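S.K.: After the sequence you'll find the predicted model.
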Number of protein chains: 2
Amino acid sequence: MKTNILITTIGRRGTLTNLFKEELNKLGGRVIVTDNSPLAPALYQADNHYLTPRVDDDNYVDRILEICQKEEIKVIIPLLESSFPILDKVRDVFEENGIILLLSNQDIITKCKDKYQLYKYFKEHNIPTPQSYLSEEITSSLSFPMFIKPRTGQGSQNTYKINNNQELDFFVKYIDSPIIQEYIAGTEYTIDTLSGLKGNLISAVPRKRIEVRAGEVSKAVTLKEERLINWAKNITEGLGIIGPANIQAIITPEDEIKFIEINPRFGGGVPLSYQAGVNYPLLITKMAKGQKLKPIIGQFQEGLAMLRYDTPLFMELSVLSSQK
Amino acid sequence: MKTNILITTIGRRGTLTNLFKEELNKLGGRVIVTDNSPLAPALYQADNHYLTPRVDDDNYVDRILEICQKEEIKVIIPLLESSFPILDKVRDVFEENGIILLLSNQDIITKCKDKYQLYKYFKEHNIPTPQSYLSEEITSSLSFPMFIKPRTGQGSQNTYKINNNQELDFFVKYIDSPIIQEYIAGTEYTIDTLSGLKGNLISAVPRKRIEVRAGEVSKAVTLKEERLINWAKNITEGLGIIGPANIQAIITPEDEIKFIEINPRFGGGVPLSYQAGVNYPLLITKMAKGQKLKPIIGQFQEGLAMLRYDTPLFMELSVLSSQK
């Protein structure tokens, strides 16, 4: 049985598309991708692609189901956070059609989206994390610098370092629903994880972030940091994460680990974990076939660096506007 | 005579490197690139690459000269704005060594870097531009929204839309040396220009910016907008720009053109102008050989779109740290 995989809201994730195409094709499967815009460059790198309405459109789910049937899709992997609750709601419908929605459940989606809920969860479970406050919780004087960001939101938009009370007063009003966090200096790490359908951790690859552009990792290097790998197992299995996730942490100059964020989706650096030896398309194909997966936690090439640069895709406007 | 070209501070400009390599190789020439970091991915796509000190290091110019001699360089194309004054100062030394520094002169570099000086220049020469103010010039009440950004600075970092007096009061202190500008709604255009060594315009390709990520164009489409092409000739020849530049403008819903910025260097969208028919490496090779160039203004493929996605380059850390 061949396994075709649908990746939704593909956007610029051309490298992710390519690696799925290459590996699935070896197994007789195909990768199909969707986006609401014909300007999403990664559309043109899959085995087939479809335009859809926006994820908040009433017809979105029907369109996805229609594509799944036409392309005999076995697994859906969504990338856009705002689509997660919408797809989670119809998880049963997908299941009835023999399709796995490779996405954590609604409780996890909500916790990961709301940085304050996640902070509370970290605290309750003794997972080290920076002190965080809602604006109404700030009573005594804080020790600056602090860090302020929206309570929800994908990427690093609207995040500011704040250095004094004047900046604090301004930004708590300027940012919609902010969370104020102890500013942690140190080196940023991301752990790419993959969990099975029962929430068991299969793979965890920590990478050190060397440079960040526009909230997406630009340069990174894989590292076998045992503490991060152990925490990744503890965190993902504690939460019950299903499928891909990325966990963000900082290691301070005093060698303390602080966890910042969890995104229950493929992170931008996943091509590095793949290159270092984690064959996501193969592992997910095995999941879809109901095969038991042996965890490969900590099994990857250490010291592999990824440098990224922009590649252009040229197309005539007339071709772009004829996409369906 | 083969023409070898050196592009300095190459960073992530892998596509630019590739197109120079491909075209120069056809002519028997080579492209050599430099950066101060072995993590600059485009280093590894040139015919040869060298690490240098930072541009503000005392040994920077000597290192560049040493590379030029070793690689028989005929033309230097710098990309980083902070390196322009440093290289301009030793333009004579390059000339004595038979090397062309393909860069506008210091007066133009200064005008383009300082958005307020450029505003004054636009006003004096009746070039349409948004009303702009230094913080000390704001006397009466402004009509919001306005736009605030640093007076100098590459890219779109630290730029904010301001909606009221409270935000204005805050950001004029928060931003170092700000300039406050009338907020112009509309569609953004960039015109990639190439001028000869005497300041004569050779090529001008307007492109409509469809999406911007982190201040760099991500999607764009070429358009034969005659007014922009005519203005590009007027502006570049009026200023006396030499070599590459990109001019940024907005066309309002009322079809008015407003010029915002000039960068006297290759813009991020140059691969699109190349793909649309402007063979920069060939044109620059001809300049270096002292051949007369026939302008090809307005001669390019219209309606060609460029979509960009990130491509990873994987390298072992040990290889990266052994670069020289």
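M.R.: On my side now, so go ahead.
S.K.: how much space between the most centrally placed residue in chain A and chain B?
M.R.: Central residue of chain A (Cα atoms, centre = their mean): residue A:265, 2.9 Å from the mean position. Residue A:265 sits 17 Å away from chain B, going by Cβ to the nearest Cβ, to the nearest Å. In short, each C-beta sits where N, CA and C put it, glycine included.
S.K.: Name the SS class of the closest residue to residue A:82 other than its chain neighbours, please.
M.R.: In space, and not counting its chain neighbours, residue A:82 is closest to residue A:55: 5.8 Å by Cβ to Cβ, 6 or more residues apart in numbering or on different chains. The three-state assignment at residue A:55 reads coil, by DSSP: H, G, I helix; E, B strand; the rest coil.
S.K.: And residue A:55, how far from residue A:83?
M.R.: 4 Å (Cβ to Cβ, to the nearest Å).
S.K.: intersection of neighbour lists for those two?
M.R.: Applying Cβ atoms under 8 Å, 6 or more residues apart in numbering or on different chains, one finds that residue A:55 and residue A:83 are jointly contacted by residue A:9.
S.K.: Quick check, the residue nearest to the centre of chain A in contact with residue A:242.
M.R.: No. Counting by Cβ atoms under 8 Å, residue A:265 does not reach residue A:242; the two are 11.3 Å apart.
S.K.: list the residues that contact both of those two?
M.R.: With Cβ under 8 Å, 6+ apart, residue A:265 and residue A:242 have common neighbours residue A:103.
S.K.: The residue nearest to residue A:82 - how many residues pack around it?
M.R.: 21 (other Cβ atoms under 10 Å in any protein chain shown).
S.K.: How about the one 5 residues further on?
M.R.: Per other Cβ under 10 Å, the neighbour tally for residue A:60 reads 20.
S.K.: same thing with residue A:133?
M.R.: Applying other Cβ under 10 Å, we find 19 residues neighbouring residue A:133.
S.K.: cool, and residue A:182?
M.R.: Residues near residue A:182, counting by other Cβ under 10 Å: 15.
S.K.: Return the distance of the residue nearest to residue A:82 relative to chain B.
M.R.: On the measure of Cβ to the nearest Cβ, residue A:55 and chain B end up 18 Å apart.
S.K.: cool, and residue A:40?
M.R.: 7 Å.
S.K.: Report the contact partners of residue A:175.
M.R.: Contacts of residue A:175 by Cβ under 8 Å, 6+ apart are A:148, A:149, A:150, A:158, A:160.
S.K.: same thing with residue A:253?
M.R.: So residue A:253 contacts A:185, A:186 (Cβ under 8 Å, 6+ apart).
S.K.: Tell me the secondary structure of residue A:290, please.
M.R.: On the basis of three-state DSSP, residue A:290 is classed as coil.
S.K.: Ok, the one 4 residues further on next?
M.R.: For residue A:294, the assignment made with three-state DSSP gives coil.
S.K.: for the stretch 101-250 of chain A, which spans come out with low pLDDT?
M.R.: Applying pLDDT under 70 to the stretch 101-250 of chain A flags the ranges A:140, A:154-156, A:211-217.
S.K.: try it again with 80
M.R.: Counting by pLDDT under 80, the stretch 101-250 of chain A shows low-confidence ranges at A:139-141, A:153-157, A:211-218.
S.K.: residue ranges for the strands of it, please.
M.R.: A:132-134, A:146-150, A:160-162, A:178-182, A:187-195, A:201-213, A:216-222, A:243-251 (DSSP state E, counting those that start in this stretch).
S.K.: Tell me if residue A:287 really is in a helix.
M.R.: Yes. Counting by three-state DSSP, residue A:287 falls inside a helix.
S.K.: and residue A:104, what is it in contact with?
M.R.: Residue A:104 makes contact with A:112, A:239, A:240, A:241, A:242, A:243, A:245, A:264, according to Cβ under 8 Å, 6+ apart.
S.K.: Now it: closest residue in space that isn't a chain neighbour?
M.R.: residue A:264 (4.2 Å).
S.K.: what's the one you found sitting at in phi/psi?
M.R.: Backbone geometry at residue A:264, expressed as degrees, to the nearest 10, gives phi -80, psi 60.
S.K.: any idea how far residue A:200 is from residue A:295?
M.R.: In terms of Cβ to Cβ, residue A:295 sits 7 Å off from residue A:200.
S.K.: oh, I was asking about residue A:67
M.R.: In terms of Cβ to Cβ, residue A:67 sits 30 Å off from residue A:200.
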